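Participant: Pasting a predicted model and its sequence here:
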Amino acid sequence: MKTACCIMALALFQYALVSNLCACSGNPKSQPTKTDDKDYEIKKAQLIKEHLRIIRDKKLLEMNMEKALEAIGILEVFEATEAIPDLVEILDFTLIEKRTIFGESYPAAKALKSFGKPAADAIVKALAEKDRSPKYIRIALSTLTDLNGSRQKVKVLLNEEIKKEKDMKKIQRLKDVEATIKGS
């Protein structure tokens, strides 16, 4: 728990460094200039790209969990919507199997909760695209429930996707996930 808190603090510190646009003027109350905005966007894009590379590298993800947690935290803090598909793919990535706090056990799931509907849509799409492990489905459903407010709303979301989908394999996968909700 202490390690996770320290790493999140580091991620927030990095965010503060990049987003502190007024520091260069010496007056904390001054407004950022167009140059400051441009520098901020460039630095932000570089950080996002660097941290996306980390979560896309499965070996690095498994070998350096602190770096992985930092990367996920940075992507969450910067609200990097381009990271949603990558975070969905590592939804079941865990730091320690037997943690009691869900968000700390599954940092990608925690991060996705901050993205709202785009994250929910991406999770449903991922559930339809290919067969997933029971663990992945459990974490996906928990994340969807947090994003939508209730299991009933998750069922509605899945049913809407089933009605739109034309591929029978995808429909069956979504129905299997829906059956998991009914069985719980």
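Facilitator: Thanks, I have the structure now.
Participant: Distance-wise, check L95 relative to E41.
Facilitator: Between L95 and E41 the computed distance is 31 Å (Cβ to Cβ, to the nearest Å). Just so you know, the C-beta spots here come from the backbone N, C-alpha and C atoms, and that holds for glycine as well.
Participant: between the two, who's got more neighbours?
Facilitator: Taking neighbours as other Cβ atoms under 10 Å, L95 and E41 compare with L95 leading, 16 against 11.
Participant: close enough to count as contact, that one and K67?
Facilitator: No: counting by Cβ atoms under 8 Å, L95 stays clear of K67, with 11.7 Å between them.
Participant: domains in the protein, as residue ranges please.
Facilitator: As recorded under automatic domain parsing, the domains making up the chain are 1-94, 116-184.
Participant: and the ones you listed, which one is worst for confidence?
Facilitator: Lowest mean pLDDT of the domains of the chain: domain 1-94, a mean of 74.
Participant: Next, report how far stretch 41-54 is displaced from the centre of its chain.
Facilitator: Counting by Cα atoms, centre = their mean, to the nearest Å, stretch 41-54 is centred 15 Å from the centre of its parent chain.
Participant: sec struct for L61, please.
Facilitator: Following DSSP: H, G, I helix; E, B strand; the rest coil, the label given to L61 is helix.
Participant: tell me which element I72 is part of?
Facilitator: Using DSSP states H and E, I72 maps to helix 65-77.
Participant: Could I get the buried residue list for that helix?
Facilitator: For helix 65-77, the neighbour count (16 or more other Cβ atoms under 10 Å) marks 65, 67-77 as buried.
Participant: Which secondary structure elements does that helix sit against?
Facilitator: If you count contacts as 3 or more Cβ pairs under 8 Å, 6 or more residues apart in numbering; DSSP states H and E, helix 65-77 packs onto helix 2-19, helix 34-56, helix 58-63, helix 107-113.
Participant: Pull the contacting residues for the residue most central in space within the chain.
Facilitator: The residue lying closest to the centre of the chain (Cα atoms, centre = their mean) is L112, at 3.1 Å. Contacts for L112 (Cβ atoms under 8 Å, 6 or more residues apart in numbering) come out as 84, 87-88, 91, 119, 122-123, 143, 147.
Participant: ok, so of the buried residues of helix 65-77, who is nearest Q152?
Facilitator: E76 (27.1 Å; Cβ to Cβ).
Participant: right, and the closest one touches A111 too?
Facilitator: Yes: between E76 and A111 there is a contact at 3.8 Å, judged by Cβ under 8 Å.
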